[in-house]
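K.L.:
With the sequence up front, the predicted model follows.
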Amino acid sequence: MEYLKNNGLLVSIALLFMGVNAYFMFNDNYYLNALPLALVIAYIAIFHTTTAFLLTVFLTPLSVNLEEFTHGKIGLYLPTEPILFGLMLFIILKELKAPIMSKEFWKHPITLSLGFYLMWVLMTSITSEHPVVSFKFLLMKLWFIVPILMIGFNIFKKKNNIIKFLWCYTLGMTIVIIYTLIHHWGYSFREKEGHWVMSPFFKDHTIYGASVAMSIIFVIGLLTYKKHALQAQVVLVLMFIITLIGLYFSYTRGAWLSIVFAVGIWVFIRYKVKFKFLLSAALIVLSVIFFSWSKIEMELAKNKHEHTTTKFDERIRSAANISSDASNLERLNRWSAAWDMFKDRPVFGFGPGTYAFEYAPYQDPNKLTIISTNFGNQGNAHSEYLGPLAEMGLIGMLSVLAFVAALFYSGIMLLINIKRYTPKETEMYVLILCIILAMSTYFFHGLLNNYLDTDKASIPVYGAAAIIIAQHVMLKKKRKEVL
């Protein structure tokens, strides 16, 4: 009785909630059931921010898009996006009350590039053909970038939190891969079913493949950064095998090729190939392609390998089939539409997030495929670079390229400086290396698809950015201490 007297208000609120919730449930409305969970998450976010952040990373592969259950009416990933929104409000209010972000954070090239990108998203949202859509897009970008970058910067100064970040993401992905493989097994691992067996956690096999590709690099990093106890070693080897099998049965050519690309980047870093040589080689290759394009096009036209085959070598060769592969032809159709949209509005574009609403009239009738639609309701530009070009003009695309350039330049310079100033920090070197290689898989994949409007890609990508910024600042401090 004494307890009830002292906590009468809390008991009254609880009883009131139960009564109101019972009424809503009686009328087939179950939304209030989420309130206790939301309050628990809010408590964790405020008093255990690092735990909330890492929990969000773990839940990212396991999140579910409400579009799957609301016939496309509500596009929200649960539970990650509401948590990120809450963390965004929390970190902004905290920063406004008493600044916790250092000057080094605000001055870092990655932070500046993302700040410029968000500023341009705001500008083009004002001039957008669909302002409501564009401002929703801006809000989504804010809750992906702000909390991950700002909270991440503060927690990733500690190496243990970087390791936990990698563990959380790879464990979440491993659970999804096991679920997908078991589900796919029921269909004898056929290619057609391989496009959707990862549902409801992933929309299709392409974003799933991109995430698996990043995850496998993270697992390799965890395996190799130090010598583990036998139990941990066994777990990581099993995770690597499961992830490798998941990558193969994702039937995602872009993901397979992105791993090859990452190996190439590793070779360049390992053997310290100078940038000027890479630039020279790239210019030579582009020149050969430009002056020999007619011959190359004739050879590509002879390629009849379809992506529907289950043979690995034929699927890889089908990536260059631009004569009969519907998937490849549809990408060319989307890219062509994006280019024509850019030519029509080169400065401000049509507005962030509006490509799907505007590209239909820009489709070339001669480039339509069996999977094209005259309604233009089948997704985005299939490019992390051409999408912003159509939606936000030339400056929009350059802002994305600036972020990518800042990310890789800062990451590689961090590797060089770790070796130069802290040669004994081999564990940190390996961790940063695996993060750079994982990002190379994603941004190579970004040539063919764009997923930074989802938590599946945004959390690992912006998380990697936060890690690089934090460790860059920490290394600067160590250098000053040595001097």
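P.N.:
Here it is on my side, so go on. Keep in mind the model is a prediction, meaning the values are calculated, not measured.

K.L.:
Okay, buried residues for the host helix or strand of Ala52 please.
P.N.:
Here Ala52 sits within helix 49-59, counting by DSSP states H and E. The neighbour-count check on helix 49-59 (16 or more other Cβ atoms under 10 Å) flags 49, 52-59 as buried. C-beta: built from backbone N, CA, C; applies to glycine.

K.L.:
Confidence-wise, which of those comes last?
P.N.:
For these, the weakest pLDDT value sits at Thr49, with 86.

K.L.:
For that one, which residues are in contact?
P.N.:
Listed by Cβ atoms under 8 Å, 6 or more residues apart in numbering, the contact set of Thr49 reads 87, 90, 151, 155.

K.L.:
low pLDDT regions in this structure?
P.N.:
1-46, 68-74, 275, 278-279, 282, 285-286, 288-327, 368, 370-379, 480-483 (pLDDT under 70).

K.L.:
Looking at the buried residues of helix 49-59, which is nearest Ser440?
P.N.:
Val57 (20.1 Å; Cβ to Cβ).

K.L.:
Quickly note the distance from the nearest residue to that closest one once chain neighbours are set aside to Pro460.
P.N.:
Counting by Cβ to Cβ, 6 or more residues apart in numbering, Cys168 is the residue found nearest to Val57 once chain neighbours are left out, at 4.2 Å. For Cys168, the distance to Pro460 equals 10 Å [Cβ to Cβ, to the nearest Å].

K.L.:
about what we covered before: surely the residue nearest to Val57 meets Phe58?
P.N.:
Yes: proximity of Cys168 to Phe58 meets the contact threshold set by Cβ atoms under 8 Å, at 4.0 Å.

K.L.:
Would you state the helices of the stretch 151-300 of the chain in chain order?
P.N.:
159-185, 205-224, 230-248, 253-270, 275-291, 293-301 (DSSP state H, counting those that start in this stretch).

K.L.:
And the first one, what does it pack against?
P.N.:
With contacts defined as 3 or more Cβ pairs under 8 Å, 6 or more residues apart in numbering; DSSP states H and E, the secondary structure elements packing on helix 159-185 are helix 49-59, helix 205-224, helix 230-248, helix 426-445, helix 455-482.

K.L.:
hang on, the earlier thing: taking the contacts of Thr49 together, which two end up most distant?
P.N.:
Maximum distance among the contacts of Thr49 (Cβ to Cβ): 13.6 Å, for Phe90 and Ile155.

K.L.:
what about the helices and strands packed on helix 159-185, which gets the closest to Val263?
P.N.:
Per Cβ to Cβ, nearest to Val263 of the helices and strands packed on helix 159-185: helix 426-445, 8.3 Å.

K.L.:
and the angle for that closest one with helix 159-185?
P.N.:
40 degrees (axes from the mean of the first three to the mean of the last three Cα atoms, to 10 degrees).

K.L.:
Report the buried residues of helix 426-445.
P.N.:
Buried residues in helix 426-445, counted by 16+ other Cβ under 10 Å: 428-445.

K.L.:
just checking, next helix/strand downstream of the helix holding Ala52?
P.N.:
Helix 49-59 is succeeded, C-terminally, by strand 64-65 (DSSP H and E).

K.L.:
and that next one, which strands flank it?
P.N.:
Using DSSP bridges, strand 64-65 pairs in its sheet with strand 77-78 (antiparallel).

K.L.:
Centre of the chain to the strand it pairs with, how far?
P.N.:
15 Å (Cα atoms, centre = their mean, to the nearest Å).
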